[in-house]
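Novice: When you get a sec, could you give me coordinates for this:
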Amino acid sequence: TGTALTDAADGDFVLSLDSGQVVDGEVTVEIPDAGAVLIQDPCGSMMSRDDIMVDSDITVIGLLDADLDSMAPFAILILPGD
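Specialist: Below you'll find the predicted structure:
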């Protein structure tokens, strides 16, 4: 869980992790194919990687490679802003 520091228009984005996560700092979330990852809002509405913008609150479920500071997502939840 964290905040997007970049948008995901090019297929990946940088996520600044909230404190208390397994790792601290930033990770690059690499979306391999727009159709291969479930992207939605908390109400279950389908969204796309184009909806991931700077300052979006994001929850990512996937595999983290802590050595490379990257993550391969299975699902991305875009949370509503304040």
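Novice: in whichever helix or strand L63 is part of, what's buried?
Specialist: Using DSSP states H and E, L63 sits in strand 57-65. By 16 or more other Cβ atoms under 10 Å, the buried positions in strand 57-65 come out as 58, 60, 62, 64. C-beta here means a position set from N, CA and C on the backbone, and glycine is covered the same way.
Novice: Spatially nearest residue to the third one (excluding sequence neighbours)?
Specialist: Of all residues beyond its chain neighbours, the one nearest G62 is P73 (3.7 Å), with distances taken as Cβ to Cβ, 6 or more residues apart in numbering.
Novice: pretty sure that neighbour contacts I58?
Specialist: No. With contact defined as Cβ atoms under 8 Å, P73 does not count as touching I58 (9.6 Å).
Novice: Next, give phi and psi for R49.
Specialist: Main-chain torsions, R49, degrees, to the nearest 10: phi -60, psi -20.
Novice: Before we move on, what's the pLDDT of it?
Specialist: Looking at R49, its pLDDT is 89.
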